[in-house]
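Novice: Give me coordinates for this.
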Amino acid sequence: MANGKKNPFETTSAPVGRKLSRAGRVSIALKAAILNGDLEPGSKVNLEEMRGKFGVSLSPLREAMSRLTTTCLVEFEDQRGYRIAPLTRKNLEEVIRLRAELECLAVSTAIDVADLDWESSVLAALHHLTSLEKSSNARCDDTEWADAHRAFHDAMISGCGMDLLIEYCSNLHNQIERYRRILQGNARCIDHVAEEHIAMADAAVTRDRALAVSLVRGHIERVGAGLLAAMSEYPETAR
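Specialist: Prediction:
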């Protein structure tokens, strides 16, 4: 496949301890393809073509599409069907603002209520992430780095004890990740991001709520500013 990317339509393995339905496997593969930009933002989804690629009937494919509409990665319009959500500056600005507000709320709450296991999970996730960030091969589109980066942010918010908030944060992270992969491509990770992760984790585990919230907000907004700058060179998908 072009750019050395893994074919997004290859069979997706189930997470450890889980057995996925056909719709579940298709949903995960579609999500990966959308995040990578392998399915063009704003493009109409041809269900018959997709059915052939996945080798499944229309029923699990439609179920997978329906699931992805709840994550805002796919849109559905009456009489027009499904399409991949477009990339727009307005949407990116909203996603950045919402992610900053909700992730700060989650981290703040975690600092107040989480136990020592949460601190351990944050430090373990940080250790894995910083090990990769120190590698000369760590690039923003690298799957291993992206997974570790996701795991770190997930660990930071995991102690809040609010499942809906965690789900909202997860969806917003997906939105940012898609913009990052499509707009920045193979560019190296943004300067100082490793230091920011270390500072955020330190403030969180030492229970310095005000500092942690300030650092998380600053991190999200600074990364967002870089994406907005890249967005100026990207042709927005017509609605």
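Novice: Could you tell me which residues within stretch 143-163 count as buried?
Specialist: 145-146, 148-160 (16 or more other CB atoms under 10 Å). Any C-beta I mention is one placed from the backbone N, CA and C, and that applies to glycine too.
Novice: Pull the distance from the lowest-mean-pLDDT helix or strand in the chain to the chain's centre.
Specialist: Within the chain, confidence by mean pLDDT, DSSP states H and E is lowest for helix 47-54 among all helices and strands, at a mean of 87. Its chain's C-alpha centre and that of helix 47-54 lie 25 Å apart, by CA atoms, centre = their mean, to the nearest Å.
Novice: Following the chain onward from it, which element is next?
Specialist: Of the helices and strands lying after helix 47-54 in sequence (DSSP states H and E), the nearest is helix 58-69.
Novice: buried set for that next one?
Specialist: Of the residues in helix 58-69, those buried (16+ other CB under 10 Å) are Pro60, Leu61, Arg62, Glu63, Ala64, Met65, Arg67, Leu68.
Novice: could you pull out the strands for the protein?
Specialist: All strands of the chain, identified by DSSP state E, fall at 74-77, 81-84.
Novice: Tell me which of these lies nearest to Glu49.
Specialist: Closest of the strands of the chain to Glu49 is strand 81-84, at 11.9 Å (criterion: CB to CB).
Novice: close enough to count as contact, Leu73 and Glu177?
Specialist: No: Leu73 is beyond contact range of Glu177, at 10.4 Å (criterion: CB atoms under 8 Å).
Novice: shared neighbours of the two, which are they?
Specialist: Residues touching both Leu73 and Glu177 (CB atoms under 8 Å, 6 or more residues apart in numbering): Leu35.
Novice: now what about the least confident helix or strand of the chain, what contacts it?
Specialist: With CB under 8 Å, 6+ apart as the test, helix 47-54 has contacts from Phe9, Val26, Ala29, Ser57, Leu58, Leu61, Arg62, Met65, Gly81, Tyr82.
Novice: quick one: Ala229 from Tyr179, how far?
Specialist: In this view, Ala229 and Tyr179 are 12 Å apart by CB to CB, to the nearest Å.
Novice: what about Ser21, how many neighbours?
Specialist: 12 (other CB atoms under 10 Å).
Novice: can you pull the contacts of the closest residue to it other than its chain neighbours?
Specialist: For Ser21, ignoring the flanking residues on the chain, the nearest one in space by CB to CB, 6 or more residues apart in numbering is Pro60 at 7.1 Å. Pro60 sits next to Ser21, Arg22, Ala23, Val26 when contact means CB under 8 Å, 6+ apart.
Novice: Val56 is in contact with the second one, correct?
Specialist: If I follow you right, that is Arg22. Yes: using CB under 8 Å, Arg22 is in contact with Val56, at 5.4 Å.
Novice: residue boundaries of the helices in the protein?
Specialist: 22-36, 47-54, 58-69, 89-113, 116-133, 143-158, 163-184, 193-205, 209-231 (DSSP state H).
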